[in-house]
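Enquirer: predicted model, plus sequence, below.
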Amino acid sequence: MSDWVRVCATSELLPGEMKVVWAGDTPICVFNYDGDYYALEDRCSHEDFELSAGCFDPEAATIECVLHGSRFDVRDGRALNPPAYVPVAKFPVKVEDGAVWTRDDRD
Ligand code: FES
C-alpha cells in the first residue's frame, strides 16, 4: 500500500485529460471524466502494456489499449472487449489543497 501521491493541481487535469503518476512501484493513470476524477493502474490486463499510450475517449469514458485494442471503462476498470477480460485495478482519488491525489490502496 502506498501513501497518497500528488498528481497535479486540479487546473492541470481538465475534463477529457489524463495524467500518469507513480505511487511507489505502481504506475497510475488518472482521468478527468466530465469533471470527476478516476484512477486506474496504467497497465493493460491483457499483456501488461501501458494503457496511457492509448487513447482516452472523454465522451465514452473509455481508454483503448494501443497494443490490441481492448477498451476499459475508466470509471471502474472493467474490460469492454477482447482480448482483455480481466478488469484493470481501480484506485481511490481525492481532491485536497487544490490538487488531485491518488494512491495504490492494495495490500
Ligand atoms: S496488451 Fe492491451 S489489449 Fe493486448
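Expert: In hand now; what should we look at? These figures come from a predicted structure and were not determined experimentally.
Enquirer: measure residue 24 to the ligand for me?
Expert: As for residue 24, its distance to the ligand is 23 Å (criterion: Cβ to the nearest ligand atom, to the nearest Å). Glycine gets a C-beta too; all of them are placed from N, C-alpha and C.
Enquirer: tally of neighbours for the residue lying closest to that residue once chain neighbours are set aside?
Expert: Counting by Cβ to Cβ, 6 or more residues apart in numbering, residue 24 lies nearest to residue 2, which is 4.1 Å off, once chain neighbours are set aside. Residues contacting residue 2 under the criterion other Cβ atoms under 10 Å number 16.
Enquirer: I figured residue 2 hits residue 21, correct?
Expert: No. If you go by Cβ atoms under 8 Å, residue 2 and residue 21 don't touch, sitting 10.5 Å apart.
Enquirer: rewinding a little: for the residue nearest to residue 24, pull up the helix or strand it's in.
Expert: Assessed by DSSP states H and E, residue 2 sits outside every helix and strand.
Enquirer: got the contact list for it?
Expert: 23, 24, 26, 103, 104 (Cβ atoms under 8 Å, 6 or more residues apart in numbering).
Enquirer: from the ligand, how far off is the residue lying farthest from the centre of the chain?
Expert: When distances to the mean C-alpha position of the chain are computed (Cα atoms, centre = their mean), the maximum falls on residue 97, with 21.1 Å. Using Cβ to the nearest ligand atom, one gets 35 Å for the distance from residue 97 to the ligand.
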